[in-house]
Structures are given as structure tokens and as C-alpha cells.
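Visitor: Sequence first, predicted model second:
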Amino acid sequence: MIPLMKRLATVLLLIFVLAFQARVCAAADPSFPRPTGAVNDFANVIPADQRAVMESLAQEIWQKTGTAVVVVTVPTVGDMVVDDYATRLYESWGIGKKGQDKGVLILLSLKERRVRIETGYGVEGILPDGVVGEIIRLQVIPYLKQGDYGRGLFNAMTSVSDVIARDAGVTLTGRPQMQPARPTGGTPVSSS
């Protein structure tokens, strides 16, 4: 009878440990919103006309190069660090062709006042940190500081798409012109 009690206690302990681990893992893994397309404006800051142009550009870059460029705005990333949120969202959504990891995620978190461009392994050679940082600093942040989130994210998508198209040797026919940034005061925004 005692060996049976020990086995039962061991089984119950194992069930308890597995249940506890499942809870910890569930708490550590945020539930991300479901993607709605190439432009996922969960913070409602991108005007409809800019969103339509960005969706069209994303479709063209996908068709001509096989690279996915996705924009996401969120009101907040909660308790997470923006960089970690971007990496985990990229992985959760499976951005880019499976096995090639040719994707780019452009993330804006409003509450944290952060913008992040996350690149997959398949494009990080042409979009290294220095290039991404320059895009954010010169083409995105000046508009974000002015509160023109749509224009800043549009510039990010256009700049990233230009690099991808140039590397693939293709021309983007539906590519609209970016507006040069006008330096002004405004609210600070940082990149990562």
C-alpha cells in the first residue's frame, strides 16, 4: 500500500509542477493581436489614405522580392520592453516566407514613445543596425516628434522597401515619394 501511495504522491506532484510551469509560460507569453494585413494600426494613428498606399507598397515588395514588410502600431507593450515585444511579435506572426525569414517588422508603441524596426535573418545583411538606425533617425523620428505618425511610418516602410528592392534589382512602380523631414520641436521619441 505504501508504494502505491508514493506513486500517487509522485504523480500528483508531477501534475502540480506541470500545471505551475504552464501558468508561468502563459504569463510570460503575451497574447498578441491578430494581424489584419501589412498595416496593423491597433493604436489608430495612421490615416486611411496613407494606410492604403502602405498596403499597396507592401504587396508590391512582397510580389517582387518575396520579402514581407509589416507595420504595427500599439497603444502600449505593457510590462514588456519594446525590443522584446517586437522580436516576439515578429516570431509569433511568422513574418516572411517560412524557412527564408525574409521579413521586416516596423513597430510603434505610443505609450513607451518607441519605434523599432525588427529584421529577419534573411534581410539583416542588407538592413543592418546602422542602416535601420539611420532610417529611423532621419526619416521617421522627425515626423513622430511632430505627431505625424502616419508619415513617419510611411517613410519607414518606403525606406526599408527601397533597400530591399535595390538589393533584389527590382523597381517599385507604386512607390510614392517620401517627404523630407522638417526639423521642429515636439515630443521626444526614441528608437531602439
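Guide: The structure has been received and is ready for your questions.
Visitor: For stretch 105-123, could you pull out the residues that count as buried?
Guide: 105-110, 112, 114-120, 122-123 (16 or more other CB atoms under 10 Å). The way it works is simple: take the backbone N, C-alpha and C, and place the C-beta from them, glycine included.
Visitor: among those, which two are most distant?
Guide: Using CB to CB, these reach their maximum pairwise distance at L110 and G122, which is 29.1 Å.
Visitor: follow-up on the earlier one: just the buried residues of stretch 105-123: which are in strands?
Guide: Counting by DSSP state E, the part of these found in strands is L105, I106, L107, L108, S109, R114, V115, R116, I117, E118, T119.
Visitor: Just put those in JSON lines and tack on pLDDT.
Guide: Formatted as JSON lines, the entries for those read as follows, by pLDDT from 0 to 100:
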{"residue": "L105", "pLDDT": "98"}
{"residue": "I106", "pLDDT": "98"}
{"residue": "L107", "pLDDT": "98"}
{"residue": "L108", "pLDDT": "98"}
{"residue": "S109", "pLDDT": "97"}
{"residue": "R114", "pLDDT": "96"}
{"residue": "V115", "pLDDT": "97"}
{"residue": "R116", "pLDDT": "97"}
{"residue": "I117", "pLDDT": "97"}
{"residue": "E118", "pLDDT": "97"}
{"residue": "T119", "pLDDT": "96"}
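Visitor: Could you provide those residues in JSON lines, with additional columns for distance to Y149?
Guide: Rendered in JSON lines, the data for these read as follows (distance: CB to CB, whole Å):
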{"residue": "L105", "distance to Y149": "16"}
{"residue": "I106", "distance to Y149": "11"}
{"residue": "L107", "distance to Y149": "12"}
{"residue": "L108", "distance to Y149": "6"}
{"residue": "S109", "distance to Y149": "11"}
{"residue": "R114", "distance to Y149": "12"}
{"residue": "V115", "distance to Y149": "9"}
{"residue": "R116", "distance to Y149": "14"}
{"residue": "I117", "distance to Y149": "15"}
{"residue": "E118", "distance to Y149": "18"}
{"residue": "T119", "distance to Y149": "21"}
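Visitor: from those residues, which is closest to L57?
Guide: Using CB to CB, the shortest approach to L57 within these belongs to I106, at 11.9 Å.
Visitor: Correct me if wrong: the closest one contacts V70.
Guide: Yes - I106 lies in contact with V70 (CB atoms under 8 Å); the separation is 7.0 Å.
Visitor: Surely M80 is in a strand?
Guide: No - counting by DSSP: H, G, I helix; E, B strand; the rest coil, one finds M80 to be coil, located in no strand.
Visitor: ok, it - how many residues close by?
Guide: A count of nearby residues for M80, using other CB atoms under 10 Å, gives 17.
Visitor: any idea how far it is from W93?
Guide: To W93, M80 is 16 Å away according to CB to CB, to the nearest Å.
Visitor: Right, I'll call it a day here.
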